[in-house]
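Enquirer: Just need the structure, nothing else, for what follows:
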Amino acid sequence: MRNNELYYTLYEEEFNTQKYLYHYTSFLTAIKIIQGDSLRFSMLNHMNDTLESKPKAIVSQDYKEYGSKVHEIINCLKNLNLQLLCFSRDGEKHRNNNDDNIPDIIKYSDYIGRGFALPRMWAQYAQNNSGLCLIFNKKKLENIIKDTLGTRLISHGKVKYVSRFGTYMLDNNEINRLITGYSDPSDMAKLGILIDFMKNNINFIKYNYFSKLTDWSGENEYRFLAWGDEKIYIRGICDALEAVVVGEDMEKPEIDVVKFITQNKCSMMKITFTCNGALVNRIPNEL
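Expert: Sure thing, here's the model as predicted:
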């Protein structure tokens, strides 16, 4: 297992922490994802963080008289049906990885901090340790999403965690374009202005949709933001699926089902949490 990056810990210098993305889910949902070979984006206003769908922006003093109009326009972003596809990622590598005082059994067996070994995620999103974590090759999945969505993909990247939100100051040029463009009576024209605004104001995007309070930092999140008139499905995702990790409380009949649906698709592991950290073992999924 030592030559397989899936089993590297954060103590190992050669490990590329940007290689994988991790998606936690329940047993039944995992079956749908793998059998259906697809992942579904979630509507922004359905996320469990109430701040997700509340744009945070103000105008400069020079444009104070237009403040209410700008806020009205910004609030219309909900008309874009913004959608998110969320993953976890690997943490930072341990800086003391060469410390001779750290026993090898810890360096090579404690997976805490890896994207599939986040206790909060197992409890909150993976059926209280009875679900699964799907491991994707990041580059392959990113290409599949880009090819599927084209211009509907607005942005993607890691989430920045902040102690509190301030308010984002809109650029004066953006304010002019918003007010001028939104005066067009055509709904299609207004929609185009909003899309153009989202595509060309990356700082607004990062501040509003790629920032969360530190209370959520345990998720170590990476996300894709897109817009669409209907639910977005990304198909062919099993081409990027590298492994599945089953929770330590998953029962044997369910493990057997996972073995059956993942054979010839990807490898299979089981995680166990102990007082010494997180341990993983490969499970043969050949029948």
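Enquirer: What are the contacting residues of the helix ranked longest in the chain?
Expert: For the chain, the helix that runs over the most residues, judged by DSSP state H, is helix 187-200. Outside of helix 187-200, the residues that reach it under the criterion Cβ atoms under 8 Å, 6 or more residues apart in numbering are 73, 76-77, 79-80, 154, 174, 177-178, 181-182, 184, 204-205, 227. (Each C-beta comes from the backbone N, C-alpha and C, glycine too.)
Enquirer: relative orientation of the following helix or strand past that helix and helix 187-200 in degrees?
Expert: Per DSSP states H and E, helix 187-200 leads on to helix 202-209 as the next helix or strand towards the C-terminus. Counting by axes from the mean of the first three to the mean of the last three Cα atoms, to 10 degrees, helix 202-209 lies at 90 degrees to helix 187-200.
Enquirer: Need the contact partners of helix 202-209.
Expert: Residues lying outside helix 202-209 but in contact with it, judged by Cβ under 8 Å, 6+ apart, are 44, 52, 55-57, 82, 84, 154-155, 157, 160, 168, 170, 174, 197-198, 223, 225.
Enquirer: Helices along the stretch 101-250 of the chain, start to end?
Expert: Ranges of helices in the stretch 101-250 of the chain, per DSSP state H, counting those that start in this stretch, are 104-107, 119-125, 138-149, 172-181, 187-200, 202-209.
Enquirer: would you turn these into CSV with mean neighbour count, mean pLDDT and distance to L241?
Expert: What follows is the helices of the stretch 101-250 of the chain, written out as CSV (neighbours: other Cβ atoms under 10 Å; pLDDT from 0 to 100; distance: least, Cβ to Cβ, whole Å):
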stretch, mean neighbour count, mean pLDDT, distance to L241
helix 104-107, 12, 73, 28
helix 119-125, 17, 95, 17
helix 138-149, 17, 98, 9
helix 172-181, 15, 77, 39
helix 187-200, 15, 80, 30
helix 202-209, 18, 85, 26
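Enquirer: Of those helices, which is nearest Y7?
Expert: The minimum distance between Y7 and these falls on helix 104-107, with 12.3 Å, by Cβ to Cβ.
Enquirer: between the helices of the stretch 101-250 of the chain, which one is nearest to D256?
Expert: With Cβ to Cβ as the yardstick, what comes closest out of the helices of the stretch 101-250 of the chain is helix 119-125 (20.6 Å).
Enquirer: Tell me how far the closest one lies from the chain's centre.
Expert: The chain centroid and the centroid of helix 119-125 are separated by 14 Å, computed with Cα atoms, centre = their mean, to the nearest Å.
Enquirer: Packing partners of that helix?
Expert: Where contact means 3 or more Cβ pairs under 8 Å, 6 or more residues apart in numbering; DSSP states H and E, helix 119-125 is packed against strand 20-25.
Enquirer: ok, then the element right after the strand it packs on?
Expert: From strand 20-25 onward toward the C-terminus, using DSSP H and E, the following helix or strand is helix 27-36.
Enquirer: residues in contact with that next one?
Expert: With Cβ under 8 Å, 6+ apart as the test, helix 27-36 has contacts from 23, 25, 39, 127, 130-132, 134, 237-238, 241, 244, 250, 254, 257-258, 261-262, 265.
Enquirer: same thing but at 10 Å, please
Expert: For helix 27-36, the surrounding residues in contact (Cβ atoms under 10 Å, 6 or more residues apart in numbering) are 23-26, 38-40, 125-127, 130-134, 233, 235, 237-238, 241, 244, 246-247, 250-251, 254-255, 257-258, 261-262, 265-266.
Enquirer: Run through the residues that contact T180.
Expert: Under the criterion of Cβ under 10 Å, 6+ apart, the neighbours of T180 are I193.
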